[in-house]
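Colleague: sequence and computational prediction follow.
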Amino acid sequence: MPYFCAMSFTLQVTDPKSQARTGVFETAHGRIETPIFMPVGTVASVKAVHQRELEQDIQAQIILGNTYHLYLRPGTSILNQAGGLHQFMNWTKPILTDSGGYQVYSLANTRKITEEGVAFKSHIDGSKHFFSPEKSMEIQREIGADIIMAFDECPPYPSSYEYAKNSMQLTHRWLERCITWLEENPPLYGFPQSMFPIVQGSTFNDLRKQSAETIAASEMPGCAIGGLSVGEPAEEMYAMSDLVCQYLPKGKPRYLMGVGTPANILENIALGVDMFDCVMPTRNGRNGMIFTSEGIMNIKNKKWENDFSPLDPNGNTFVDAQYSRAYVRHLFAANEYLARQIASVHNLGFYLWLVGEARQKIQEGTFASWKNHMVEKLQTRL
C-alpha cells in the first residue's frame, strides 16, 4: 500500500431507515469517529478559539488548515523549519488541508487557469503565484497535514454543461499528476499523509456520476465531494450528495467540503456523508449568531437583554453553559473581544455535540426520526 494510502477506516453501523453511518478512522495523530465536523483553522488558528479550548472544551477530533493561506503566510519555509503545522501551532490531533483549489476559485478576477495549473495574485499584496497539482502536493507535504486534498478546479454556480464537463476532466487529469508526485516524494516529518481526490461535476447528474466513478477507481483512502455549497439551492446540494454517495466506496470516508448549516449537516449525514467543515459556526458567531438545539438566535437583539438563561436551553450539554444570554449580549453591545470568543466556542461546541448525537442515534437505529425532528427545530429563528 502506498504511504499516501496508509489511513485505515472501519465502517461500523448504518441506520436502517437512511444511508447515515458511523465509522472510525485512524491517522498518525489519532482516532476520528464519524460522522464528524472539523473546525476551520484557516491560518493555523481557529479564529477566536484557543487550542486548549478546541481540545478540552469543544473536544474537536480534527481541524482543517488552508493551503492557500498557509502558503502565503507564514509560508512553507517557516512551517518546515518548525517541523510542520502540528508543531508550529501546538496541535497534537489530526489535521486536514484543502488543496488551495477553492481559494483559487474565489479569486476569479485575478487568476488564469491552464492545463498546467493556475496563475493568481495574492489577496494580501497582489504578488503573482502559480499552483500546479505538483505544487499543491509539495505545499501540503510541507504543511504536514494527516489528510491532504488533490488539486482540483471548483466550477462556479451556475455553470454551463460544457464548462462543468471540461472542469471535471481537468480535475481528473490533475488527480493523476498529484498521485504521480506523491509516489515520487516521501513524507517529510516521519508519518504518512493520506490523500483524498475530489468529486466535481457541478449539478449535472451524469457528470457527478462519472466523476464519482473516476474518484472511486483511483483507490485512494477517502473521497471528497467538492463544488457544492457555492450558491446552489439546498435541494440541489442534497440531490448531488445522494447521487455521488451511491457510487463512492462504502468502506471509505466521504467528506463534503464547506458544508454547512446544522440542518445541512444532518440532511447530508442521512445521505451517507461522514465528514464536514465550515466557517459558519465561528464566522457567524463573531457576528452574534448563536446556534442552539432549539434554533438560531441573534444574541445582539434587545429581547435577550434580561434573559439570564444559558445560551442553549440544554445548556448543561454544551461548553460555556455558565454564560447567560444577557451577559453575552452585553459583551457584544460593549464590543468586548470575549463576546466573539464565547460565541465561537459555543457554536463549535454545539456543532460537535450535534454530530455526536447523530452518531449515537445511528448506533441506536433511531437516526431518521430524530433527524426529521431536529432539522425543523434547527431552522427556527428564536
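Modeller: Here it is on my side, so go on.

Colleague: now Y255. Nearest residue, chain neighbours left out?
Modeller: M275 (3.9 Å; CB to CB, 6 or more residues apart in numbering). Yep, even glycine has a C-beta here, placed from its N, CA and C like the rest.

Colleague: which residues of this structure score low on pLDDT?
Modeller: 1-6, 103-105, 108, 315-321 (pLDDT under 70).

Colleague: can you list the domain ranges for the protein.
Modeller: Following automatic domain parsing, one finds the domains of the chain at 7-281, 285-378.

Colleague: so what's the gap between the first one and the chain middle?
Modeller: The chain centroid and the centroid of domain 7-281 are separated by 7 Å, computed with CA atoms, centre = their mean, to the nearest Å.

Colleague: and the end-to-end length of it?
Modeller: 28 Å (CA to CA, to the nearest Å).

Colleague: swap in stretch 253-268?
Modeller: Start-to-end span of stretch 253-268 (CA to CA) is 13 Å.

Colleague: buried by neighbour count: which residues of that stretch qualify?
Modeller: In terms of neighbour count (16 or more other CB atoms under 10 Å), stretch 253-268 has its buried residues at 253-268.

Colleague: same check, this time on stretch 87-102
Modeller: 88-89, 91, 93-102.

Colleague: next one: stretch 179-192
Modeller: 179, 181-182, 187, 189, 192.

Colleague: the residue lying farthest from the centre of the chain: what secondary structure?
Modeller: The outermost residue of the chain, judged against the average C-alpha position, is N306 (36.1 Å), by CA atoms, centre = their mean. Here N306 is coil, with the state taken from DSSP: H, G, I helix; E, B strand; the rest coil.

Colleague: now the element after the host helix or strand of N268, going C-ward?
Modeller: If you go by DSSP states H and E, N268 is part of helix 262-270. Counting by DSSP H and E, the element after helix 262-270 in chain order, helix or strand, is strand 275-277.

Colleague: so which other helices or strands are in contact with that next one?
Modeller: strand 36-38, strand 254-256 (3 or more CB pairs under 8 Å, 6 or more residues apart in numbering; DSSP states H and E).

Colleague: for the top helix by length along the chain, which positions count as buried?
Modeller: The residue-count maximum for a helix in the chain (DSSP state H) belongs to helix 337-364. Neighbour-count burial for helix 337-364, counted by 16+ other CB under 10 Å, picks out 339-359, 361-362.

Colleague: angle of that helix against helix 262-270?
Modeller: In terms of direction (axes from the mean of the first three to the mean of the last three CA atoms, to 10 degrees), helix 337-364 departs from helix 262-270 by 30 degrees.

Colleague: pull out the buried positions in the next helix or strand along the chain from helix 337-364.
Modeller: Using DSSP H and E, the helix or strand that directly follows helix 337-364 along the chain is helix 367-378. Across helix 367-378, burial judged by 16+ other CB under 10 Å covers 367-368, 370-371, 374-375, 378.

Colleague: ditto for stretch 127-143
Modeller: 129, 131-143.

Colleague: for those residues, which one is nearest E294?
Modeller: Ranked by distance to E294 (CB to CB), the buried residues of stretch 127-143 are led by I143 at 38.9 Å.

Colleague: any idea how far that closest one is from S218?
Modeller: According to CB to CB, to the nearest Å, I143 and S218 sit 22 Å apart.

Colleague: check V279 too.
Modeller: In terms of CB to CB, V279 sits 28 Å off from S218.

Colleague: returning to that earlier point: what sits up against the helix holding N268?
Modeller: 15, 18-20, 35, 37, 229, 234, 237-238, 241, 256, 259-260, 276, 291, 350-351, 354-355, 358, 362, 367-368, 371, 374-375, 378-379 (CB atoms under 8 Å, 6 or more residues apart in numbering).

Colleague: ok, now stretch 63-83?
Modeller: Taking CB under 8 Å, 6+ apart as the rule, stretch 63-83 contacts 38-44, 46, 54, 85, 88, 91, 93-100, 103-104, 122, 124, 129, 131, 136, 138-140, 142-145, 149, 188-189, 277.

Colleague: what sits up against stretch 9-16?
Modeller: Contacts for stretch 9-16 (CB under 8 Å, 6+ apart): 20-25, 221-222, 250-253, 270, 361-363, 365, 367-368.

Colleague: secondary structure and distance to I198 added to the buried residues of stretch 179-192, as JSON lines?
Modeller: Formatted as JSON lines, those follow (DSSP: H, G, I helix; E, B strand; the rest coil; distance: CB to CB, whole Å):
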{"residue": "I179", "secondary structure": "helix", "distance to I198": "13"}
{"residue": "W181", "secondary structure": "helix", "distance to I198": "16"}
{"residue": "L182", "secondary structure": "helix", "distance to I198": "15"}
{"residue": "P187", "secondary structure": "coil", "distance to I198": "21"}
{"residue": "Y189", "secondary structure": "coil", "distance to I198": "24"}
{"residue": "P192", "secondary structure": "coil", "distance to I198": "20"}
